[in-house]
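> Mind looking at a prediction? Sequence and model below.
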Amino acid sequence: MSELRVRILGRDPSGEADPLTPEALVVCHPLWADFVGSPRDWRKSPGPGGEVFFVPREVGGEPVPGDRPARLTVCGQCSSGFDVAWAMVRAGDFLPFDSVLAVSQRGGRGQMRREWDSPPGNVYGVVSCPGGLPGPESLLPVFFGYVIASRLFSMGVEAFFKWPNDVVVRGKKVGGVLLEERAGRVLAGVGVNLTSAPIPEKLRRDHALPAGTLAENGLFPGPVRFWADLVKFLQTCYHDCVTATCSFPPVIRMEQRLAFLGRKVLVREGGKDVYEARVLGLAEDGGLRLMRREDGSNRECVIHSGGITLL
C-alpha cells in the first residue's frame with residue numbers, strides 16, 4: 001500500500017477550520033489522545049499561503065509535489081470537512097487520494113443535505129477521487145459503499161452497504177457516503193460512527209435503520225488509524241480493481257456486500273412513489289434491481305434514486 005503522510009492543520013487561511021494544536025487534540029477525545037501521544041513529538045511547519053501545520057518530528061522535508069505520498073490532513077472543528085477539502089482543491093493542494101479528517105463538524109451534511117451529527121470521536125473524512133474513472137458515474141457511490149463494507153469485513157465485522165449510500169452492521173447504520181462534484185473534481189465524504197451515534201430523536205422521522213457504532217461490535221480504532229487504513233484500502237482496491245482492469249469490480253462481486261439482497265423492502269422513490277419490492281441485486285450502472293409486484297403480477301425494474309426500508 002502507498003505511504004500516507006499525516007499532518008495537523010494548525011491554522012487554516014481559508015477560515016473553514018478552527019485553529020488546532022496537538023495539545024488541543026489531546027483533550028478533545030481519548031481516541032485522539034492516543035493518536036497524538038506527546039505533543040512534544042510534533043513540530044510546527046509553515047505551508048503555502050500562510051498555512052501552519054504540525055508534523056511528526058521524525059518526518060523530514062516535504063517531498064516534491066509530483067513525487068509525494070498521499071497526505072492526510074487533520075483539521076479542527078469546521079463547518080464541514082467538504083468545505084476544508086474544497087478550499088484545498090482551489091489552492092491546488094489536494095491530489096488524488098489526499099484526504100481531510102475533521103475532529104468535528106458544525107454543519108456536517110448527509111444525503112439530500114440532511115444534517116450529519118458530528119461530535120468528536122467519530123470519523124468525518126473527505127478523500128479526493130482520482131480522475132478518469134471507468135464506467136458510469138452512478139457506479140461510484142456503490143463502489144465506495146462496497147469498499148467500506150469490505151474493509152470492515154476484513155476487520156472481522158459482518159458489514160454491508162445499503163443502497164445507495166449507507167453502511168450497515170447488525171441491522172444498524174454505522175456510516176454513510178456522500179459524493180460531491182465541482183468542475184470535474186469528485187470528492188467522497190465518509191462518516192463512520194466509532195464511539196457515538198445520534199439518539200433516535202435526532203434521526204429523521206422516516207429513517208430506515210437505527211443508528212449504531214463500531215464500538216458496539218467490539219471495534220475501538222482511533223479516527224486517524226481507521227481513516228488512514230481505509231484510504232490505503234481504497235487505493236489498493238482502486239489499483240487492483242480499476243487500474244488493472246480498466247473497470248469497476250463486476251457488480252456480482254459487489255453484491256456480496258449488498259444489504260437486503262433477496263429480501264422484501266419498502267421503496268420510496270422520488271419522495272412520493274411508495275411500494276413494496278424484493279431486492280434482486282445491482283444493475284451494471286449502479287442502480288438497484290428490484291422485483292415489483294404490480295397489478296397482480298411481478299415485473300423487474302431498476303431505480304437510480306430514492307431509498308429502501310427492510311420489511
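Yes, it's here.
> tell me the helices in this protein, going along the chain?
Remark: helices assigned in the chain by DSSP state H are 22-28, 30-36, 81-90, 140-154, 223-237, 251-254.
> Can you lay out those helices as CSV showing mean pLDDT, distance to Arg292 and mean neighbour count?
No exception for glycine: its C-beta is placed from N, CA and C like everyone else's. CSV is the format used below for the helices of the chain (pLDDT from 0 to 100; distance: least, CB to CB, whole Å; neighbours: other CB atoms under 10 Å):
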stretch, mean pLDDT, distance to Arg292, mean neighbour count
helix 22-28, 94, 48, 17
helix 30-36, 91, 44, 18
helix 81-90, 96, 35, 22
helix 140-154, 94, 20, 22
helix 223-237, 94, 32, 20
helix 251-254, 90, 19, 16
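> Break the protein into its domains for me.
Annotated domains of the chain cover 4-256, 260-310 [automatic domain parsing].
> Flag the shaky bits of the chain, pLDDT-wise.
1-2, 59-67, 108-117, 134-135, 200-208, 244, 246, 271-272 (pLDDT under 70).
> residue nearest the centroid of it?
The chain has Val190 as the residue nearest its centroid, 1.7 Å off, counting by CA atoms, centre = their mean.
> before we move on, back to that, now tabulate the helices of the chain in JSON lines and tack on distance to Pro120.
As requested, the helices of the chain are exported to JSON lines (distance: least, CB to CB, whole Å):
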{"stretch": "helix 22-28", "distance to Pro120": "5"}
{"stretch": "helix 30-36", "distance to Pro120": "7"}
{"stretch": "helix 81-90", "distance to Pro120": "13"}
{"stretch": "helix 140-154", "distance to Pro120": "21"}
{"stretch": "helix 223-237", "distance to Pro120": "9"}
{"stretch": "helix 251-254", "distance to Pro120": "32"}
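> among those, which is nearest Gly286?
helix 140-154 (4.3 Å; CB to CB).
> sorry, back to before: just name the most buried of the domains of the chain.
Across those, the average number of neighbours (mean count of other CB atoms under 10 Å) peaks for domain 4-256, which reaches a mean of 18.
> Enumerate every residue touching Phe233.
1, 147, 150-151, 154 (CB atoms under 8 Å, 6 or more residues apart in numbering).
> same thing with Arg263?
Here Arg263 is in contact with 278-279, 310-311 (CB under 8 Å, 6+ apart).
> Between those residues, which sits nearest Leu258?
Val279 (7.5 Å).
> looking at the sheet around the closest one, what are its partners?
Using DSSP bridges, the bridge partners assigned to Val279 are Leu290.
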